[in-house]
Every structure is written in structure tokens, then in C-alpha cells.
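S.K.: just a sequence and a predicted model for now, questions to come.
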Protein chains: 2
Amino acid sequence: MTTKHGSGEAAETLEELRSRLPDGAVVTDPVKTEAYRRDRAEDPDAGVPLAVVRPTCTEEVQEAVRFARATGTPIVPRGAGTSLSGGSTAQDGCLVLSLERMREITVDPVTRTVVAQPGALNGEVKEAAAAHGLWYPPDPASYTFCSIGGNIATNAGGLCCVKYGVTTDYVLGMTVVLADGRSVALGGPRLKDVAGLPLTKLFVGSEGTLGIITDVTLRLVPAQRAPQTLVATFPTLASATDAVLAITRTMRPSMLEFMDGPTLNAVEDETRMGLDRDAAAMLIVQSDESPDQAAAEVAEITRRCEAAGATEVFSTDDPEEGEAFVAARRLAIPAVEKKGTILLEDVGVPIPALGALVEGIAAISGRREVVVAVMAHAGDGNTHPLVVFDPADPGQRERAHLAYGEIMDLAVSLGGTITGEHGVGRLKEPWLAGYLGEDVMDLNRMVKAAFDPTGILNPGVMFAQPPRAHAR
Amino acid sequence: MTTKHGSGEAAETLEELRSRLPDGAVVTDPVKTEAYRRDRAEDPDAGVPLAVVRPTCTEEVQEAVRFARATGTPIVPRGAGTSLSGGSTAQDGCLVLSLERMREITVDPVTRTVVAQPGALNGEVKEAAAAHGLWYPPDPASYTFCSIGGNIATNAGGLCCVKYGVTTDYVLGMTVVLADGRSVALGGPRLKDVAGLPLTKLFVGSEGTLGIITDVTLRLVPAQRAPQTLVATFPTLASATDAVLAITRTMRPSMLEFMDGPTLNAVEDETRMGLDRDAAAMLIVQSDESPDQAAAEVAEITRRCEAAGATEVFSTDDPEEGEAFVAARRLAIPAVEKKGTILLEDVGVPIPALGALVEGIAAISGRREVVVAVMAHAGDGNTHPLVVFDPADPGQRERAHLAYGEIMDLAVSLGGTITGEHGVGRLKEPWLAGYLGEDVMDLNRMVKAAFDPTGILNPGVMFAQPPRAHAR
């Protein structure tokens, strides 16, 4: 194997790194490294890495970071490569630090915690917990193929957040390799611990810019009860978002998802499950209270949906029947992806602004003459508008990118955020300072500089990459 | 009024500060400032402040911080002065920044959030939420007289945490005045927002060492259902902690509190409510599920307590009857305080170590010949051992202090923390580096230095105070 993408000097040192790691840990064959260049953001400008390093333990991560520090090589950490914001897109001359071989999961059922290595999949953590009658709630739609390390890096959300919160609410501790190669243990299996600054929480959502997480201690809760499910269709966007507000202001369902007409139709094209193609929007709501209480909640939600103008409301206490609708919701992104190339948005607003957001998005869609399919974790005000375009049509591509930016501007003008759960990554870095304002962006840069003074950790993510010579 | 505790130069500038603030905002009369020197830690070495500043808005806080920055004056922020760890103990020559006049509370029932100024009491926030059928869960035992700002500063816990989590889980955003006098808005009323580093979370539990919080946006949840209550007494400490483990490994009660024999007896002395004076320990457990489900949970918890060896188990679905027991638990600290001077501990351990902790504390109590009354948020593994001593007996005082340190050492040796919810403050600063280890302590110092390079923000809290000339 040769290290043809590195400079002579770096290549020498890379050989030294190779000698300190197990066989196969350092991959430089371009045929093999190709698979590590892009994540689900599919950045056409993804760089060519110097090497892919696949450590099996914290000490090997430390070796890689020390190499990077000594040679000024950027490190791009990578879990399962499912970032939707370019958080693990390779940079020219970087080390891709793939954590795919660090997948151990150890459940402690008495403490009701799990220690997981970052390469373990979210779904594997859920399964390990379930074997003890326990539950790890955070559930990105990609939970069967996204890594827990990536979930921590982005403070990932999902469908359950409306009742059960986001990833950070479950993180009790972690081991982190710092930019200088030291490894530190933060927090631990203590349900309350306020000794020192809350550095554990600072790392949740730091997108690999402050350190490399090599294991994480997560809180588990008792297994979820079988939920009851309600599906309601609406003749207008406003009637659907009115129903959302009517529900959330006094109730706390365990799921409250939204799909608009274009999304419904894309899903129906895939599933032929009989969804109402004429509906402007559909809500999928679940209650996981005890059976009597769940039935009462579903009845109350039915009344509120009908009062808001629902065309049809269907409910079931059969978990499998309910799961079919949830599976349809999880299928929404892949279903829309079949309609063209997509730009995936992740904007969120305070819940009362949800109606203005989805109606404004429909207006942008009309004005820019591109399809925008909107699905949302409606109970959190977190939406995923998918801007669909034909990549072969340059005019449409340009209008799609304009619409993408306009949707972010709209969300921010409504008091919302440019990203609710996918992260800033490289894709939204250009919008971050505008959203946060210069003073808060300064604070972010100050913390970044303290933890990573030479800027080797995931450069370009959240923080504009300093200009550097391309090794390509 | 004169500023007799300041140097001539500082006094001049203090007059300038006075001129920029409303009448009565700067207090220098030593009779009046005396009340601001100590918090509930009752530090006999509390300093004499240069002045107490009582701002009414963010801009006035900024004025005070700019003065402090310009003159190198330490700032000690103070909410209701209920810190149990000396977090708001005055330092010689400092400004005490009392937030008692910033008490506005604004509930947004549609977004289900509240914006509160730091001087508002926790109980006032709860009341404001309740007026809209909503609930702010975190409930330190002092909730009727502790401030929400202090709760944020310490990431306060309470009795509900076993099911509903701690303060940080409810903090969505805040306004912070930084050490250089800038004011920044972090986060906001968005239930999911991952744009930028999670700086909001970094401030929750920062104990006034990184900035001054001038308002906070908190998430609310629907009102809690009336709970059902179970009280069980046990013949040994081990049988009680066995019951705790048997409950928490598969259940999630809404309260799970522990009192040992000395605590029970102190409470019974106050209440004459008929508590079993011979019991080694008592558990108070609540379920706030829907009535049928709560009844089933209470029945199951009864079985588990009996299986663990409970002497007597009593349960009630009458909320008022249940509240009498909870009130008894809340009374525990004041009741024990009547027995002598106390050193209040706040150690926490992973739940499986709870038995070893309470038995080890009993052994320390015996060896040091001082009463140690233990109450605990048992479901979180968070205990409050109260070391009781006669201040007139120097030997007993010394043994009490030895026991206090030994309890922390014991907790740490069991994988526990030196503080679960009260904070490090000035009282536990000497133990922090030993607990965290030098590398993590370094990280803490690095973050502190980035946010507060001149060390004016609550010096001595969490971080050893640099030696400085005493103005006293």
C-alpha cells in the first residue's frame, strides 16, 4: 500500500502510525477509502483522505489523534456515515477516523445504564437494552443504520422526543480523546452529578469539533408500553397545525408526526397502503400510557382533530397496525428521494409558528416551482422539508437551492432554528453565524479554540475552515 | 452612604456605577449589606462586600459587570441566598450581585414554556405554570424559598428527578451577561435546536463562574396527575436499599425517597405523626400514573418492599394523606438542624452502591461518635447525610469534620460523586480536583479561563481563589 495522497513527510509519519496500530487499522488503498469520503449529505466536493484509520479502542484513537496533532492533519470522525449535514464528509489530506470497529455494548440492568462504543448502531443499543426489559428512547428515523456516536455528536432527535426528549437527556458520561491526545472520563453512571462544569453536556452536539468520543454512558428507562395510534387527515395545512397546537398545549403524546400532501403521495406510491392522496396533511399520533388512559387520550385527540377540521380520523389499539403507519412515516424520506435529487431541510420553530412555517414553505414551493415535501416531528416544531429537483435541469437545480436558503430564512424569521436535530455540519456552516449572531458565534469560536487550538478536529464543521493548501 | 470597605479609587468608580443605576440599586450601608454576606452554608469566614448591587434588568447587570471588569472587583451572584455549598458567600471587597429584584415570570401556554428572571422563586414558577394547567417539575426541597436562578446555577435536583430529571432537562435557553459585559441570548423556545455548540447546557450548573444569567426559558409539561403514595419501614438499612434496587431496575416511580432512623426520629420529634421510631429506614414512594395503573404500581412496589423485608407497608390513593409523608420528608433537614450544628452532605453513587454507602456512613458515624442522619433521593442514588455536632464541643466538632470528609471519600471510592445536586460552591472546592482528576480539572480551568480570563466571576467557587490582598 502506498500513501499517495500525502506529502512525503506525512507519508513517513503515517507509516509510523501504521506500525503502532494493529494490521488493517490504517487504510490507504484508494479503492477502499473511496467508501469513506461521503456521508448521506452526498457532498460532490468531498475531499480525498490521506488515510482511513479504523481503531478498535480508546488507545488507538489516541494514537491517531497524536499523529494528527504532530502533523497538522485534519481528523474527520465517522460513525456509520449517515450525517445529513456533511458532518463526516472527508477533507483533502485528512484522516477519516472511522469508529465502525468500536461497537461494544454493555448493559448494566441494575443501574439501568448502558455503556456503548461510538460505532454501535442506535438500533443495537435499543436491542441490548430490550433484552433486559429496558429502553433507550432516542429514535432517529435512521435508527437501524445510524451510529450512537453520531447520535451523540449531533444530539440526535427522532420521533419519540415530543415526550421523551433528545439524546442529551440520556447522556450521563463519556470517554473523550482530546485534541492533544489525552483521554478523559467525563460524568459516569450517576443519575445526578454536579461536580464541576457540565462538560459532558458540552460534548453532546459538538459534532466532533471538540474531541473524539470513544464510549458513552447512557441512561435507560423501563420498556415502553405498547402504544395506541391515531391517524388523522386534514383538508388544509392550517387545520392540521391547528390540531397540533390543540393537542400539545395540554397533552403529551408519545409521538406526533406530520406529513404533507406531497409526502403522503410519495409514501403511497411506495406502500399502496391506501393513504388519502387528496389530503393536505396527515398526523400520526401515539399514546403509550396504560391502556385505559391511552384510550382516553386517543379519544380526546380524536375530538381535537375533528374540532380542527379533520376529514377522517382512524385509531387503533393494535400495536402492529399502528406500527404500519409509523413505518410509513419512517419511509417518507426514502420515498421522496425516489422523486428526484433532494435537499433535506431540518428547520424548527416554536410550536405556535408551525402553521406559518408550513404555509410559508408551500408558498416558496409555488414561487420557485419546485416540489417541497414536508414531514415534521410536529410536536417539537421540527420539520424536514425536502426540496426535490431534477439534477439534469440546471434551472430547477438553481431554484431548488434558492428555495432551500429561503426556507431557512423563513424559519429564522419565525423565531426558529436552521437545524433541529441533524446538525450544522459542513452543509449549514455558512448559515450558522447569521443565525446565532456574531456575539454567540464568537463564544462558539472561543470554546472551539480552547479545545482544539490547532483546528485539527473536523475542520469545516460548524466553523469555517481556514484556507489551507490542498494536497489533492 | 459611604463605601467604606472599598479603596479610594474603587470607591470613586463605585459612585460612577451608582450614578448609572436607579436609586437604591447600589447598597453600601454595612447594616444592610450584612444580610447579603452569607448563604445557607453559613460560612463563618464570609467576606465583607464592597457593595451589594440590586439590578432590575439585564442592562443594569451589564453595568455592574463592566464596573467589576474595569476595577478587578469580584462579583458574587446571589439569588435567594439558599446555597448549601457556599455558592453565594460574599468575598472581601466583592460586589454581591443580588438578583432579588428580577422576578418576572411569563408563561407561554401554547409553546408550553416559561421565561423567568433569575430572582423568581422556584415555587413562583411552579405556581405561574399551574395557572395554565402546566407544571415545572424540578423540586428542590427548598422550592418555596430558593430562586430559579440558583436552580440553574447548580443544576438543582429534588424529589421528582427519579422520573422527571433535573433542572438542565428543562432549560431551553437563557440570556447571559458575559465577563466582558456583553449580553448574549443562548437557545430559546425551540424544543429542538442543535445549531452551534450546546452552550446553554454549559451554563446550567456553572455556579455563576462563567457568566450571569439574567433570564431563562424553561420547558413546561402538562400538570402532574394526583399521585398515589406508599410508605414502607425496614428493620435494616440493607433491606431498605435492596427494596430500592428491586423497584428501580424495572419501574420508574415519580418519587422514591429514603430516611434513616436518626432522620425519622428527628422528624417524629417535630411532627408527632406516628412514624416508627425503631425502624432502621423508611421509604416514601409515589406513582403518578393514571389511577388504575398507579394502583397496580403501588401494589407491585408493596410486594417488592415486603420481599425485601419491610416491617410495614402503608399505601394511600388520597393525595393529601400522601402529601403529609412528603411534607415530613421535606421537613427532614430543618428537623435534624434542631439537634445541633450540621454539616450537610450531598454525595451520590450509582444506585447499586447505595447499600454500601449508607452502611459505610453508619460505620463512620459509629467510629467518629457523631450522629449522621441520612436522607436520600434514593431512586437517583443521591444522599444527604447530615453530620450533627455540638458546636460547643471542640472534640466533637473536629470528629464531625473528619466524618464529613470520610463520607465524601467513601462515596468517591464507590464510584460516586462529591455533589449530586447542591453544587461545589466554596465548601467543596478543595475536593473537586481530587474527584475529577487533574486532566478533567484542567479542562474545567481551561473553560473557566476562556469565559472569565480575569477571574472576576464568583471567585473561589469550583476553582481555588488566587491569592489576593484582603481589603478587610
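M.R.: The structure has been received and is ready for your questions.

S.K.: can we go C-alpha only for contacts and neighbour counts from here?
M.R.: Noted.

S.K.: just the strands in the stretch 1-150 of chain A please.
M.R.: A:26-27, A:51-53, A:75-78, A:95-98, A:105-108, A:113-116, A:134-135 (DSSP state E, counting those that start in this stretch).

S.K.: quick one: closest of those strands to chain B.
M.R.: Nearest of the strands of the stretch 1-150 of chain A to chain B, taken as C-alpha to the nearest C-alpha: strand A:134-135 at 7.4 Å.

S.K.: what helices and strands are in contact with that closest one?
M.R.: strand A:221-222 (3 or more C-alpha pairs under 8 Å, 6 or more residues apart in numbering or on different chains; DSSP states H and E).

S.K.: now stretch A:400-410: how far from the chain's centre is it?
M.R.: A distance of 20 Å separates the C-alpha centroid of stretch A:400-410 from that of its chain, computed with C-alpha atoms, centre = their mean, to the nearest Å.

S.K.: err, stretch A:65-78, not the other one
M.R.: On C-alpha atoms, centre = their mean, the centre of stretch A:65-78 falls 24 Å from the chain's centre.

S.K.: could you export that stretch as PDB, CA atoms only?
M.R.: Only the C-alpha atoms of stretch A:65-78 are listed here, as PDB (Å, rounded to 0.1, in the frame of the first residue of the first chain):
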ATOM      1  CA  VAL A  65      -5.000  12.000  17.300                       C
ATOM      2  CA  ARG A  66      -1.400  12.300  18.300                       C
ATOM      3  CA  PHE A  67      -0.400  11.600  14.700                       C
ATOM      4  CA  ALA A  68      -2.800  14.300  13.500                       C
ATOM      5  CA  ARG A  69      -1.600  16.800  16.100                       C
ATOM      6  CA  ALA A  70       2.000  16.200  15.300                       C
ATOM      7  CA  THR A  71       1.500  16.500  11.500                       C
ATOM      8  CA  GLY A  72      -1.300  19.100  11.400                       C
ATOM      9  CA  THR A  73      -3.500  16.600   9.700                       C
ATOM     10  CA  PRO A  74      -7.300  17.200   9.900                       C
ATOM     11  CA  ILE A  75      -9.300  14.400  11.500                       C
ATOM     12  CA  VAL A  76     -12.800  13.700  10.300                       C
ATOM     13  CA  PRO A  77     -14.600  11.300  12.800                       C
ATOM     14  CA  ARG A  78     -17.100   9.000  11.300                       C
END
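
S.K.: quick one: average pLDDT of it?
M.R.: Here stretch A:65-78 scores 96 as its mean pLDDT.

S.K.: swap in stretch A:368-388?
M.R.: Rounded mean pLDDT across stretch A:368-388 is 97.

S.K.: tell me the contacts of the spatially most central residue of chain A?
M.R.: Centroid check for chain A by C-alpha atoms, centre = their mean gives residue A:422 as the closest residue, at 3.5 Å. Contacts for residue A:422 (C-alpha atoms under 8 Å, 6 or more residues apart in numbering or on different chains) come out as A:83-85, A:154, A:156, A:346, B:194.

S.K.: related to what we said a few turns ago, with mean neighbour count added, can I get the strands of the stretch 1-150 of chain A in a markdown table?
M.R.: Output for these, formatted as a markdown table (neighbours: other C-alpha atoms under 10 Å in any protein chain shown):
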| stretch | mean neighbour count |
| --- | --- |
| strand A:26-27 | 22 |
| strand A:51-53 | 27 |
| strand A:75-78 | 30 |
| strand A:95-98 | 27 |
| strand A:105-108 | 18 |
| strand A:113-116 | 24 |
| strand A:134-135 | 22 |
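
S.K.: including distance to residue B:384, could these go into JSON lines?
M.R.: Below are the strands of the stretch 1-150 of chain A laid out as JSON lines (distance: least, C-alpha to C-alpha, whole Å):
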{"stretch": "strand A:26-27", "distance to residue B:384": "51"}
{"stretch": "strand A:51-53", "distance to residue B:384": "47"}
{"stretch": "strand A:75-78", "distance to residue B:384": "42"}
{"stretch": "strand A:95-98", "distance to residue B:384": "44"}
{"stretch": "strand A:105-108", "distance to residue B:384": "25"}
{"stretch": "strand A:113-116", "distance to residue B:384": "23"}
{"stretch": "strand A:134-135", "distance to residue B:384": "29"}
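
S.K.: the ones you listed: which one's closest to residue A:190?
M.R.: strand A:113-116 (9.3 Å; C-alpha to C-alpha).

S.K.: circling back: pLDDT at the residue nearest to the centre of chain A, what is it?
M.R.: Reported pLDDT for residue A:422: 96.

S.K.: in a strand, it, correct?
M.R.: No - assigned with DSSP: H, G, I helix; E, B strand; the rest coil, residue A:422 falls outside any strand and is coil.

S.K.: which stretches in the stretch 151-300 of chain A count as helices?
M.R.: A:161-164, A:199-203, A:237-248, A:261-271, A:291-308 (DSSP state H, counting those that start in this stretch).

S.K.: can I get those in a markdown table with distance to chain B, mean pLDDT and mean neighbour count?
M.R.: Supplementary listing: the helices of the stretch 151-300 of chain A in a markdown table, determined by distance: least, C-alpha to the nearest C-alpha, whole Å; pLDDT from 0 to 100; neighbours: other C-alpha atoms under 10 Å in any protein chain shown:
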| stretch | distance to chain B | mean pLDDT | mean neighbour count |
| --- | --- | --- | --- |
| helix A:161-164 | 8 | 95 | 22 |
| helix A:199-203 | 6 | 98 | 23 |
| helix A:237-248 | 7 | 98 | 23 |
| helix A:261-271 | 22 | 97 | 21 |
| helix A:291-308 | 6 | 97 | 19 |
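
S.K.: got JSON lines for those helices, with distance to residue B:31 too?
M.R.: As requested, these are arranged in JSON lines below (distance: least, C-alpha to C-alpha, whole Å):
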{"stretch": "helix A:161-164", "distance to residue B:31": "50"}
{"stretch": "helix A:199-203", "distance to residue B:31": "40"}
{"stretch": "helix A:237-248", "distance to residue B:31": "51"}
{"stretch": "helix A:261-271", "distance to residue B:31": "69"}
{"stretch": "helix A:291-308", "distance to residue B:31": "58"}
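
S.K.: so which of those is nearest residue B:402?
M.R.: helix A:199-203 (30.5 Å).

S.K.: residues contacting the residue in the stretch 51-200 of chain A positioned nearest to chain B?
M.R.: Evaluated by C-alpha to the nearest C-alpha, the stretch 51-200 of chain A has residue A:193 as its residue closest to chain B, separated by 4.2 Å. By C-alpha under 8 Å, 6+ apart, the residues touching residue A:193 are A:187, B:348, B:417, B:419-421.

S.K.: who wins for neighbours among those?
M.R.: Counting neighbours by other C-alpha atoms under 10 Å in any protein chain shown, residue B:348 leads these with 33 neighbours.

S.K.: show me what the biggest helix by length in chain A packs onto, helices and strands only.
M.R.: Determined from DSSP state H, the single longest helix within chain A is helix A:394-413. Helix A:394-413 is packed against strand A:341-344, helix A:354-368, strand A:382-389, with contacts defined by 3+ C-alpha pairs under 8 Å, 6+ apart.

S.K.: and it, what's buried?
M.R.: A:396-397, A:399-401, A:403-404, A:406-412 (16 or more other C-alpha atoms under 10 Å in any protein chain shown).

S.K.: can I get those residues in JSON lines with pLDDT?
M.R.: Below are the buried residues of helix A:394-413 laid out as JSON lines (pLDDT from 0 to 100):
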{"residue": "A:396", "pLDDT": "97"}
{"residue": "A:397", "pLDDT": "96"}
{"residue": "A:399", "pLDDT": "98"}
{"residue": "A:400", "pLDDT": "97"}
{"residue": "A:401", "pLDDT": "95"}
{"residue": "A:403", "pLDDT": "97"}
{"residue": "A:404", "pLDDT": "95"}
{"residue": "A:406", "pLDDT": "97"}
{"residue": "A:407", "pLDDT": "97"}
{"residue": "A:408", "pLDDT": "96"}
{"residue": "A:409", "pLDDT": "96"}
{"residue": "A:410", "pLDDT": "97"}
{"residue": "A:411", "pLDDT": "97"}
{"residue": "A:412", "pLDDT": "96"}
